[in-house]
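Peer 1: Below is the sequence, then the predicted model.
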Amino acid sequence: MGARLLPAVQERQGRLCEGLVECGQLVGRERTSRQGEGRRSVLIHSPRRLPQTHLHANAAELRFGGVRASRDGSTPAPRRAGILRELDENSQDRAGCSQEVVVYSTGTSVLKKILTAAALTLALVAGGTTTATALHKDVNLIVDGQPVRGGAFAVTVADVLTANGITLKPHDTVSPALDATVEDGQQVAVSYAKPITLTVNGTTVALVTKAHTLADIPQVAALPDLDQAWSSFGLDDPLPRDGAQISVSTPKAIEVRVAGDKHVVTTTANTVAKLLSEENLVADNDDIVSPAADTVLTADTKVRLDRVEISTKTVTEAVPAPVTKKKNSTLWAGESKTIVKGKPGKATRTYKITVINGKVDSKVVVNEVVLVKPKTATVEVGTKTSPNGVGINLARAAMWDRIARCESGGNWQINTGNGYYGGLQFSAASWRAMGGRDFAALPHQATRAQQITVANRYYAISGLQPWGCAHAA
């Protein structure tokens, strides 16, 4: 087929060669290799000889003055003569400076990129300094809020980024769009998306932000008293592209109790440990800090520092006699009788004494040496109950003893014949009404414990009203 100027080449040529003193011409034609592989050829006409120049464009490599091309960027093995046409110093094409670039690719987008790159190289070689000046663009490049030198030989925004070594990652943005044509003096802004783990006053969130600094993050910018806040990262420092873990703590009123004394402090500390440090409060190994020192402070946190003193003390003291108990069915439940009297012993004991905030909290024996062994006592305990299963109730026994001294001189078996019996001077009717016959027919026939048990029944109903000596209670 005859040579024709490809539409894409016409468009690029008009854009690239505008205003140049000398401009080569790009002519495209399609051919098919002997292997049947589709390929595109670009015939470059230039008034001067092009040097051996390598030019990379995506998945193709071009070499002017000779041709190589590949789909993956690697250099394939040389083709046999006749497939590609080499130009040498004696070629008749030398007069017309026609050179051919063969691209083994059927993709139109790849061809367009290669044509653009070829045109740039052609223009630079053909036009010299004037051409280079026309193609070079001074761009105001802003990368994540920071201005950088953005000059480049570029047609599109993507060319500017490539020339400046900038690669976009997912969620990054650029303005204008990558395929937008770039003009001299134009601003191109790139914003990186940064993963941030942000903890504000104890609350942690994970976010992806295009903010340039910590202060630009909306969750931080909205904080009250931000200028007085503490942060683990500078408010105005550029955020790292790979992200960061950042803590921010705003001023808050915290209740602090030290050795029992309470006061309130305003702090930007983010942990209990930092708060104690700010207040010059040092906790030794025995002191108790609550909550734990690494706890993150919030507005409702209450900090407590208890001063603890631990000491030991050795004393010689009596050892109580142990007691062996035996059941006795002839004794009323609640009554007991000592059969063998015990005797205390003597021992030297070492105590561990813990004092918290000036008060003894615990006293524990950590060592004991027995000097005299105690003698064990033997006590019989009653198991006898009344027919209704009631046993002895000696509640308020001391009170009943005082009333008995007033009522009967403390004689629990007294019977004067006046109709009142025993130490608490029950009438026979009252004794029977309160279940006294669980123990005996009349009060003076019952034991002290039994009379007190019946008195407690009466007390539960009428209090002390029935006794004339209630005042003695």
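Peer 2: Perfect, I can see it now.

Peer 1: contacts and neighbour counts: CA atoms only from here.
Peer 2: OK.

Peer 1: can you count the residues close to residue 379?
Peer 2: 19 (other CA atoms under 10 Å).

Peer 1: Wait, it touches residue 342, no?
Peer 2: No - contact between residue 379 and residue 342 fails when scored by CA atoms under 8 Å: they sit 9.6 Å apart.

Peer 1: what touches both of these two?
Peer 2: Residues touching both residue 379 and residue 342 (CA atoms under 8 Å, 6 or more residues apart in numbering) are residue 323.

Peer 1: In the stretch 351-473 of the chain, where is pLDDT below threshold?
Peer 2: Applying pLDDT under 70 to the stretch 351-473 of the chain flags the ranges 386-389.

Peer 1: all helices for it, in order.
Peer 2: For the stretch 351-473 of the chain, the helices defined by DSSP state H, counting those that start in this stretch cover 397-408, 428-433, 448-462.

Peer 1: would CSV of the ones you listed with distance to residue 143 and mean neighbour count be doable?
Peer 2: Output for these, formatted as CSV (distance: least, CA to CA, whole Å; neighbours: other CA atoms under 10 Å):
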stretch, distance to residue 143, mean neighbour count
helix 397-408, 92, 18
helix 428-433, 102, 16
helix 448-462, 90, 19
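
Peer 1: which stretch among the ones you listed comes nearest residue 139?
Peer 2: Nearest of the helices of the stretch 351-473 of the chain to residue 139, taken as CA to CA: helix 448-462 at 101.3 Å.

Peer 1: Return the list of helices and strands in contact with the closest one.
Peer 2: Contacts defined by 3 or more CA pairs under 8 Å, 6 or more residues apart in numbering; DSSP states H and E place helix 448-462 against no helix or strand at all.

Peer 1: switch the cut-off to 10 Å
Peer 2: For helix 448-462, the elements it packs on are helix 397-408, strand 426-427, helix 428-433, judged by 3 or more CA pairs under 10 Å, 6 or more residues apart in numbering; DSSP states H and E.

Peer 1: What pairs with the longest strand along the chain, parallel or antiparallel?
Peer 2: Counting residues, the longest strand found in the chain (DSSP state E) is strand 359-372. With DSSP bridges as the test, strand 359-372 is paired with strand 345-356 (antiparallel).

Peer 1: Quick check: buried residues in the partner strand?
Peer 2: Buried residues in strand 345-356, counting neighbours by 16 or more other CA atoms under 10 Å, are found at 345, 346, 347, 348, 349, 350, 351, 352, 353, 354, 355, 356.

Peer 1: And for stretch 248-257?
Peer 2: Buried positions in stretch 248-257, judged by neighbour count with 16+ other CA under 10 Å: 248, 249, 250, 251, 252, 254, 255, 256, 257.

Peer 1: now what about stretch 408-428, what contacts it?
Peer 2: By CA atoms under 10 Å, 6 or more residues apart in numbering, the residues outside stretch 408-428 that reach it are 400-407, 429-433, 436-437, 441-449, 451-452, 454-455, 466-469.

Peer 1: can you rerun that using 6 Å?
Peer 2: Identification of contacts with stretch 408-428 by CA atoms under 6 Å, 6 or more residues apart in numbering yields 404, 443, 444, 448.

Peer 1: on that earlier part again, among the buried residues of stretch 248-257, which two are most distant?
Peer 2: Using CA to CA, the pair of the buried residues of stretch 248-257 lying farthest apart is 248 and 257, separated by 24.7 Å.

Peer 1: And whichever helix or strand residue 313 is part of, what does it pack against?
Peer 2: For residue 313, the host element (DSSP states H and E) is strand 308-319. Counting contacts by 3 or more CA pairs under 6 Å, 6 or more residues apart in numbering; DSSP states H and E, strand 308-319 is packed against strand 345-356.

Peer 1: Name the residues that touch the strand it packs on?
Peer 2: Applying CA under 6 Å, 6+ apart, the contact partners of strand 345-356 are 307-319, 360-374.

Peer 1: let's see it at 8 Å
Peer 2: Strand 345-356 has contacts (CA under 8 Å, 6+ apart) with 259, 306-321, 360-375.

Peer 1: Drop anything exposed from those residues.
Peer 2: The neighbour-count test (16+ other CA under 10 Å) marks 259, 306, 307, 308, 318, 319, 321, 363, 374, 375 as buried among the contacts of strand 345-356.

Peer 1: Flag every buried residue along the helix or strand where residue 339 lies.
Peer 2: Assigned by DSSP H and E, residue 339 belongs to strand 336-340. For strand 336-340, a neighbour-count test (16+ other CA under 10 Å) marks residue 336 as buried.

Peer 1: Dump that strand to PDB, keeping only the CA atoms.
Peer 2: Output of strand 336-340 as PDB, limited to C-alpha atoms (Å, rounded to 0.1, in the frame of the first residue of the first chain):
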ATOM      1  CA  SER A 336     -21.200 -26.100 126.000                       C
ATOM      2  CA  LYS A 337     -19.100 -27.600 128.900                       C
ATOM      3  CA  THR A 338     -15.300 -27.600 129.300                       C
ATOM      4  CA  ILE A 339     -14.000 -31.100 130.100                       C
ATOM      5  CA  VAL A 340     -10.300 -30.500 129.800                       C
END
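
Peer 1: okay, how far is it across stretch 403-413, tip to tip?
Peer 2: Taking CA to CA, to the nearest Å, stretch 403-413 runs 15 Å from one end to the other.

Peer 1: Ok, stretch 206-225 next?
Peer 2: End-to-end span of stretch 206-225 (CA to CA): 23 Å.

Peer 1: picking that back up, name the nearest of the buried residues of strand 345-356 relative to residue 293.
Peer 2: Nearest to residue 293 among these is residue 356, at 18.9 Å by CA to CA.

Peer 1: what bits of the stretch 51-200 of the chain have low per-residue confidence?
Peer 2: 51-135.

Peer 1: Check which element follows the strand or helix carrying residue 247 along the chain.
Peer 2: Assessed by DSSP H and E, residue 247 sits inside strand 244-249. For strand 244-249, the following helix or strand on the C-terminal side (DSSP H and E) is strand 252-258.
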